[in-house]
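Chemist: no letters, just coordinates:
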């Protein structure tokens, strides 16, 4: 909660977060399914009742900022409920990833979104299309983001010239970028399964090459384009050059400083509303 509130204070207009279900079906905000990195306990969130969840560690390593750690300055180390976050920041846009594969997660998340009347300011989905389908069926007016399968599908349809004739059912094209930090990690000599990273980076490099006209096409169709996870000024610069709608970042203060120095902000395609998506630093 501390990280989310800090991001909003820094000027972020959207928060990006991930949710899981506890054993008693409470929707909680956490990136990892296993609590080893977050809490120092080798167990899954789904193994615990909410009241029995272990506290977050004082220091948590960040996934997309190699060697960096989030250090909490509060005494409240509970993993927050999604409902608590909605109560604390009722008017803040949120981008929510259904990280858990539990079949009831889309239903429970939908209940909370409806309870707080947030369908219009909550973009929700998951890497698997089935999660979006379940959520959309429960909540036809809900906003969703593109799944990983849809991500590759959009690029293929665009390459073969079919995308202009293809219906789009998601509202946000939220995709990973080949970042400075990823390039730095790939230089490590003993990186496990490095070949997988190299293949992924090769694909992202090609997609980056054709991304600007694709992004323009999607934006003309009312789709938000959001890049993740950007923590370096070089990546911020490229995001501005590609005119994406939003940046997901672990370091909102650094990103804001860069945008202030450039006197430039990101905007929705059909309005003048700037968008800077701040991730929770416990990621």
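Modeler: Now that the structure is in, tell me what you want to look at. In this text, all values refer to a predicted model and were calculated from it rather than measured experimentally. Numbering: from 1, shown residues only.
Chemist: just the local confidence number for the residue nearest to residue 179 when sequence neighbours are not counted, please.
Modeler: Once flanking residues are discounted, residue 179 sits nearest to residue 235: 5.0 Å by Cβ to Cβ, 6 or more residues apart in numbering. C-beta: built from backbone N, CA, C; applies to glycine. The model reports residue 235 with a pLDDT of 94.
Chemist: do the one 10 residues further on as well
Modeler: At residue 245, the predicted lDDT confidence score is 91.
Chemist: grab the nearest non-local neighbour of it.
Modeler: residue 224 (4.6 Å).
Chemist: show me the beta-bridge partners of the one you found.
Modeler: residue 172 (DSSP bridges).
Chemist: check contacts around the residue nearest to residue 179.
Modeler: 177, 179, 180, 227 (Cβ atoms under 8 Å, 6 or more residues apart in numbering).
Chemist: same thing but 7 Å
Modeler: 177, 179, 180 (Cβ atoms under 7 Å, 6 or more residues apart in numbering).
Chemist: for the longest helix anywhere in the chain, what is the average pLDDT?
Modeler: Secondary structure of the chain per DSSP state H: the longest helix is helix 194-220. In this model, helix 194-220 has a mean pLDDT of 82.
Chemist: can you give me the buried ones in it?
Modeler: For helix 194-220, a neighbour-count test (16 or more other Cβ atoms under 10 Å) marks 201, 204, 207, 211, 214, 215, 217, 218, 219 as buried.
Chemist: thought the fourth one was touching residue 242?
Modeler: Spelled out, it's residue 211. Yes: when contacts are counted by Cβ atoms under 7 Å, residue 211 is listed as touching residue 242 (6.0 Å).
Chemist: from the buried residues of helix 194-220, which is closest to residue 158?
Modeler: Nearest to residue 158, judged by Cβ to Cβ, of the buried residues of helix 194-220 is residue 214 at 5.0 Å.
Chemist: thinking again about what came up before, so which of the contacts of residue 235 sit within helices?
Modeler: Assigned to helices by DSSP H, the following of the contacts of residue 235 qualify: residue 180.
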